[in-house]
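Novice: curious how this folds, go ahead:
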Amino acid sequence: MKTKSLAILICLLIFGVANAGEKTTTNKGKLHRNHLATSNYYSELISGAAPQIAELNLFTNMLPKGGDLHHHYSGAIYAETYLDWVGTQNYCIYRESNPELKVQKYHIETKLAELSEAARKICISADATRKDNAFYRELLKRWSDKDYDNHYHEQSAPDQQFFDTFGFFGPVSNYSYHDGLQSLKERAIAENVQYLETMLKAAPDVDNPDLARKLNDLNAKSSDQQIAEALTAFSDFLANDPESKEKISNYVQTMKEAAEGIDDANFKLRFQSYVSRNSAPATVFSGLYSSFSAAKASKLVVGVNIVGPENGQVAMRDYTLHMKMFRFLKQRFPGVKLSLHAGELALGMVPPEGLKSHIDEALQIADADRIGHGVDIAHETNAYELLGIMKKRKIAVEVNLTSNAFILGVKNEAHPVLLYRQHNVPFVISTDDAGVSRNNLSNEYLLYASRYKPSYGELKRVVYNSIRYSFLSEHEKRQELLELDKRFAAFEEKIANIAHSPRGRDLTTSQEHR
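Specialist: Sure, this is the predicted structure:
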């Protein structure tokens, strides 16, 4: 009897294993069929002389996008939200400029109690701004790039227009980091983005006049020994200075409070710390020290960056010095990741020699883990060697198509994404400053797909790159990649159903008759 029962049990186990194997095989077959149907459907959308933009727009809106790795918090918030915050804090906005009162049109006033009667008459509330349609439209055009390219604008140069916007909404941009991040999270989830790596707040700096003077006296002709001596002295001071320690601690706490409750099963948030590259050398170094310290102290701070117009006079003058600062601090803080804005330049913005070495130095001196923009790669002295290094070391480039087109005038066939693609350098698609540019990550993928017509496999690989080359821990990357697998499975099932519907069959037929 026992023998018979055992035989039955063995048979059931064998049947169960076989059945499970059959289900697994069936599931893999279904996933493969859905992937193939999605690939074919996408190919039809981008084939022909002109891509089917409307349908492709829907496709990229639904597409899982992994993460956005090149993202400035203050530039990601839309002007309409900043205007809401002006109202929440009872600030006002100047509707005209007045040199005698030393006020400028479109600027936010935060100290209403100190205003003269004359100033009060020309500084209006957020509600009054919305009710004045003409002024409201003008304000949106100054606080963002809205309507810059579709009708006459009181135009400054595009790059100046872009960077000026931060000065307008700056006084209100730090109103509520948590509320801002929550709104960005909701927008990300709505367009199937699961991870955000943003630059929230510049790192604090601390001054020491004597040590700062020695650092600020450095120039392009300073020897490595002179630079190392100045950096060592300042670094040792910062490591032991109570004010520096307190500022760094408060900075980390700000990040923690801003991110409270943001992470969940559908979304993850991490920060990059940063400094402005157009400040004095001592200020830059002090801020970088704080950035590296914050990255060491908090798991939320996953990387360090440097921002600001790369063609600025100070940025160009001190570029090599900045890279040597990164090298110095990486030795003191091993393991801290770097994503550096490098090569955000185009011919004509600076003399030709200014385009020759920025990406090279970011890689060879600072040892960057990712490159932001990397637009001037074709002008670098050893461009082919750099492309080989980036491929071998798997240095991903953060490609910002809308930003590069607006600020630099580099787009379509002139954009180096084609070079990176041809030389098998990994890259990701990102937004840069979606609020200022008034776009989103879905639209960046639309531009990539419609302009450069990658295969579906290539498109999907770029999405996965946004997790693989993120600064998450290896364990977190594995989790997010599994989540991305699930999202693609659901997406491809939906597209496969559409492809097999009458609409999908009509699309195939229309393509066949072109």
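Novice: how many residues are close by Pro352?
Specialist: Counted with other Cβ atoms under 10 Å, the neighbours of Pro352 add up to 9. Every residue, glycine included, has its C-beta placed from N, CA and C.
Novice: that one and Asp376, how far apart?
Specialist: Separation of Pro352 from Asp376 (Cβ to Cβ, to the nearest Å): 10 Å.
Novice: point out where this structure drops to low pLDDT.
Specialist: Filtered on pLDDT under 70, the chain yields the residue ranges 1-25, 150-155, 159, 162, 502-514.
Novice: name the nearest residue to Ala294, sequence neighbours excluded.
Specialist: Val301 (4.7 Å; Cβ to Cβ, 6 or more residues apart in numbering).
Novice: my guess is that neighbour contacts Ala259. True?
Specialist: No. At 10.1 Å, Val301 does not count as touching Ala259 under the criterion of Cβ atoms under 8 Å.
Novice: those two - which one has more neighbours?
Specialist: The neighbour comparison of Val301 against Ala259 (other Cβ under 10 Å) goes to Val301, with 26 against 19.
Novice: identify the residues contacting that one.
Specialist: Val252, Met255, Arg270, Phe271, Gln272, Ser273, Ser291, Ala294, Ala295 (Cβ atoms under 8 Å, 6 or more residues apart in numbering).
Novice: same check, this time on Arg332
Specialist: With Cβ under 8 Å, 6+ apart, Arg332 has these contacts: Ser235, Phe292.
Novice: quick one: it from Asn424, how far?
Specialist: Distance of Arg332 to Asn424, given as Cβ to Cβ: 34 Å.
Novice: what does Lys486 give?
Specialist: Distance of Lys486 to Asn424, given as Cβ to Cβ: 28 Å.
Novice: again with Ile389
Specialist: Here Ile389 is placed at a distance of 12 Å from Asn424 (Cβ to Cβ).
Novice: return the subset of the contacts of Val301 lying in strands.
Specialist: Counting by DSSP state E, the part of the contacts of Val301 found in strands is Arg270, Phe271, Gln272, Ser273.
Novice: any chance of those residues in TSV with neighbour count as columns?
Specialist: What follows is these, written out as TSV (neighbours: other Cβ atoms under 10 Å):
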residue	neighbour count
Arg270	24
Phe271	27
Gln272	26
Ser273	29
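Novice: in three-state terms, label the spatially most central residue of the chain for me.
Specialist: Centroid-nearest residue in the chain, with Cα atoms, centre = their mean: His70, separated by 1.6 Å. Counting by DSSP: H, G, I helix; E, B strand; the rest coil, the backbone at His70 sits in strand.
Novice: residues contacting it?
Specialist: Contacts of His70 by Cβ under 8 Å, 6+ apart are Ser339, Gly372, His373, Glu398, Asn400, Val428, Ser430, Thr431, Asp432.
Novice: okay, helices next: where are they in the stretch 201-350 of the chain?
Specialist: In the stretch 201-350 of the chain, the helices defined using DSSP state H, counting those that start in this stretch lie at 209-216, 224-240, 242-259, 281-297, 313-317, 319-332.
Novice: out of these, deepest packed?
Specialist: Greatest average neighbour count among the helices of the stretch 201-350 of the chain goes to helix 281-297 (a mean of 24), per mean count of other Cβ atoms under 10 Å.
Novice: that one vs helix 319-332, what angle?
Specialist: Angle, helix 281-297 to helix 319-332, by axes from the mean of the first three to the mean of the last three Cα atoms, to 10 degrees: 30 degrees.
Novice: packing partners of helix 281-297?
Specialist: Secondary-structure packing of helix 281-297 (3 or more Cβ pairs under 8 Å, 6 or more residues apart in numbering; DSSP states H and E): helix 209-216, helix 224-240, helix 242-259, strand 268-276, strand 301-307, helix 319-332.
Novice: one step back: need the overlap of contacts for Val301 and Ala259.
Specialist: Common neighbours of Val301 and Ala259 (criterion: Cβ under 8 Å, 6+ apart): Phe271.
Novice: buried sites along stretch 296-306?
Specialist: Within stretch 296-306, the residues scored as buried using 16 or more other Cβ atoms under 10 Å are Ser298, Leu300, Val301, Val302, Gly303, Val304, Asn305, Ile306.
Novice: then that stretch to CSV, C-alphas only?
Specialist: The C-alpha coordinates for stretch 296-306 follow below in CSV (Å, rounded to 0.1, in the frame of the first residue of the first chain):
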residue,chain,number,x,y,z
LYS,A,296,29.5,59.4,1.6
ALA,A,297,27.1,60.2,4.5
SER,A,298,23.8,59.5,2.7
LYS,A,299,22.5,56.7,0.5
LEU,A,300,20.1,59.2,-1.0
VAL,A,301,23.0,61.2,-2.5
VAL,A,302,24.4,58.9,-5.2
GLY,A,303,26.6,61.2,-7.2
VAL,A,304,28.3,64.6,-7.7
ASN,A,305,28.1,67.0,-10.6
ILE,A,306,29.1,70.5,-11.7
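Novice: can I get the helices and strands packed on helix 281-297 in JSON lines including distance to Ser442?
Specialist: Putting the helices and strands packed on helix 281-297 into JSON lines (distance: least, Cβ to Cβ, whole Å) gives the following:
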{"stretch": "helix 209-216", "distance to Ser442": "44"}
{"stretch": "helix 224-240", "distance to Ser442": "42"}
{"stretch": "helix 242-259", "distance to Ser442": "24"}
{"stretch": "strand 268-276", "distance to Ser442": "19"}
{"stretch": "strand 301-307", "distance to Ser442": "24"}
{"stretch": "helix 319-332", "distance to Ser442": "33"}
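Novice: who wins for proximity to Asn40 among the ones you listed?
Specialist: strand 268-276 (32.4 Å; Cβ to Cβ).
Novice: for that closest one, enumerate the helices and strands it packs against.
Specialist: strand 195-202, helix 242-259, helix 281-297, strand 301-307.
Novice: Arg451: neighbour count?
Specialist: Neighbourhood size, Arg451 [other Cβ under 10 Å]: 17.
Novice: can you pull the buried residues of stretch 452-469?
Specialist: 452, 454, 456, 459-460, 462-469.
Novice: redo the residues you listed as a markdown table? Include secondary structure and distance to Leu482.
Specialist: As requested, those are exported to a markdown table (DSSP: H, G, I helix; E, B strand; the rest coil; distance: Cβ to Cβ, whole Å):
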| residue | secondary structure | distance to Leu482 |
| --- | --- | --- |
| Tyr452 | helix | 29 |
| Pro454 | coil | 24 |
| Tyr456 | helix | 21 |
| Leu459 | helix | 20 |
| Lys460 | helix | 15 |
| Val462 | helix | 19 |
| Val463 | helix | 14 |
| Tyr464 | helix | 12 |
| Asn465 | helix | 16 |
| Ser466 | helix | 15 |
| Ile467 | helix | 10 |
| Arg468 | helix | 13 |
| Tyr469 | coil | 17 |
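Novice: looking at those, spot the one nearest Ala79.
Specialist: Ser466 (26.5 Å).
Novice: which residue ranges of this protein form strands?
Specialist: Taking DSSP E as the criterion, the chain carries its strands at 67-72, 92-94, 108-109, 123-124, 195-202, 268-276, 301-307, 339-342, 370-373, 396-399, 427-429.
Novice: mind checking which of those strands is nearest Lys141?
Specialist: Closest approach to Lys141 among the strands of the chain is made by strand 92-94 (13.7 Å; Cβ to Cβ).
Novice: what's in contact with that closest one?
Specialist: Against strand 92-94 from outside (Cβ under 8 Å, 6+ apart): 86, 103-109, 112, 122-126, 129, 139.
Novice: give the contact list for Arg370.
Specialist: Contact partners of Arg370, counting by Cβ under 8 Å, 6+ apart, are Leu69, Lys337, Leu338, Ser339, Leu340, Ile395, Ala396, Val397, Glu398, Tyr469.
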